[in-house]
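Trainee: Show me how the following folds:
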Amino acid sequence: MSLDEATRSRISELVESKEVVLFMKGNPQSPQCGFSARVVKILDAYLPEYSTLDVLSNPDIREGLKSYSSWPTIPQLYVRGEFIGGCDIITEMSESGELFEALGVEPPPEVVPTLHITDKAAAGLRQAAEQNASGAGQQLRLSVSTSFESALSVGSKAKLDIEVESNGVTLLVDRLSAQRAEGITIDIIDTPRGPGFKVDNPNAPSKGELSVQDLKQLLDTDEKFELLDVRTPREFETARIEGAHLLDEAEYERIQALPKDTKIVLFCHHGPRGANMADQLLAAGFTNVHNVVGGIEAWSDEIDASVPRY
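Mentor: The predicted model follows:
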């Protein structure tokens, strides 16, 4: 496909407008494909902020990028105007340690976290490793995302992995996760689906929850806070709470520039999307984040019946 000059010029302006630009499907808060979600997760671990563009909302850019970069797929990452690669290349660079240099980020210091593994969990981890190891060199791995989501898996040792021993079990922890993993306790608990591993991280921030009655009281005071609606623009037009701002890309950029102790209150239709966004803001360093339980549906049902239900 040929690339017209107007589209080429626009793409050039976009890749040169910010130091790091990711062309993706969706946005960092709601990726619309697994590959975009994977790259966002990687970049979030390296950078406090970066620029993105949703190619689904910009079909001319989506098609033009294929010629501009000579790369057929999305996402595409540019750093300081230079094309770096797509999902597979970014993943490989992260595993090899090359992504630090590409992004201009200093690698974190090699910190060996202290882990606590109970006797029951140690036996379970050894059994899991034996059952899931697919070949030589496979080891148990613990990762902790920027939103403090912990994951146990089995995989090969990467360049920046650290070996951590606890209760006779050795886990691989990547250097980006190491500081967030300090003091973690791993146990086995009974769940409705049977025994399962539980990772307790003392470093994980906790999001607050507000009832719609709490929100009403807050709105009736002079206390300053940000009330953010994380629904879609169409939902926002259908029903809204007075004083709320739709969290679109422009609003998200504004919020990112606020002091990290700013009080932020989030709501969606029923609650889960607000909770997910609260996790993202906590991962970004905000410390006073709250989600409205039940969302605007509960607000309409319990506080203001004039707000349409849908």
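Trainee: Next one: Tyr50 relative to Phe148, how far apart?
Mentor: Distance, Tyr50 to Phe148, using Cβ to Cβ, to the nearest Å: 20 Å. Any C-beta I mention is one placed from the backbone N, CA and C, and that applies to glycine too.
Trainee: Worst mean pLDDT across the helices and strands of the chain, which element?
Mentor: Lowest by mean pLDDT, DSSP states H and E among the helices and strands of the chain is strand 30-31, with a mean of 86.
Trainee: How far does stretch 111-130 stretch from one end to the other?
Mentor: 28 Å (Cα to Cα, to the nearest Å).
Trainee: So which residues make contact with it?
Mentor: Outside stretch 111-130, the residues within contact range by Cβ atoms under 8 Å, 6 or more residues apart in numbering are 138-140, 142, 152, 154, 162, 164, 166-169, 171, 173, 175, 178-179, 181-188, 195, 197.
Trainee: and if you look at stretch 232-248?
Mentor: So stretch 232-248 is contacted by 29, 215, 219, 226-231, 251, 255, 266-267, 269, 277, 296, 299-300, 304, 307-310 (Cβ under 8 Å, 6+ apart).
Trainee: need the strands for the stretch 1-150 of the chain, in chain order.
Mentor: Assigned by DSSP state E, counting those that start in this stretch, the stretch 1-150 of the chain shows strands spanning 20-24, 26-27, 30-31, 51-54, 76-79, 82-85, 116-117, 138-144, 150-156.
Trainee: ok, back up a step: next step: the contacts of stretch 111-130 restricted to helices.
Mentor: Among the contacts of stretch 111-130, the members falling in helices (DSSP state H) are 175, 178-179, 181.
Trainee: Those residues, buried ones only, as a ChimeraX selection?
Mentor: Buried members of the ones in helices among the contacts of stretch 111-130, defined by 16 or more other Cβ atoms under 10 Å, are picked up in ChimeraX with:
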select :175,178,181
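Trainee: ok, the closest residue to Cys33 other than its chain neighbours to Gln76 distance?
Mentor: Sequence neighbours aside, Lys25 is the residue nearest to Cys33 in space, at 4.5 Å (criterion: Cβ to Cβ, 6 or more residues apart in numbering). As judged by Cβ to Cβ, Lys25 and Gln76 stand 11 Å apart.
Trainee: So those two - more neighbours on which side?
Mentor: Gln76 (27 against 19; other Cβ atoms under 10 Å).
Trainee: which non-adjacent residue is nearest the more buried one?
Mentor: Phe23 (4.6 Å).
Trainee: That neighbour: what's it in contact with?
Mentor: Contacts of Phe23 by Cβ under 8 Å, 6+ apart are 52-53, 55, 61-62, 65, 74-78.
Trainee: Same list (the residues you listed) but as TSV, adding distance to Glu106 and pLDDT.
Mentor: Formatted as TSV, those follow (distance: Cβ to Cβ, whole Å; pLDDT from 0 to 100):
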residue	distance to Glu106	pLDDT
Thr52	23	95
Leu53	27	95
Val55	31	95
Ile61	32	94
Arg62	34	94
Leu65	30	94
Ile74	29	97
Pro75	24	97
Gln76	25	98
Leu77	19	98
Tyr78	21	98
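Trainee: would CSV of the residues you listed with distance to Glu242 be doable?
Mentor: Shown next, in CSV, are those (distance: Cβ to Cβ, whole Å):
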residue, distance to Glu242
Thr52, 30
Leu53, 32
Val55, 34
Ile61, 36
Arg62, 37
Leu65, 41
Ile74, 38
Pro75, 37
Gln76, 40
Leu77, 40
Tyr78, 40
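Trainee: Could you single out the nearest of the residues you listed to Pro202?
Mentor: Closest approach between these and Pro202, by Cβ to Cβ: Thr52, at 32.2 Å.
Trainee: That closest one and Thr7, how far apart?
Mentor: Applying Cβ to Cβ to Thr52 and Thr7 gives a distance of 18 Å.
Trainee: So which of these two has more stuff around it?
Mentor: More crowded of Thr52 and Thr7, by other Cβ under 10 Å: Thr52, with 24 against 18.
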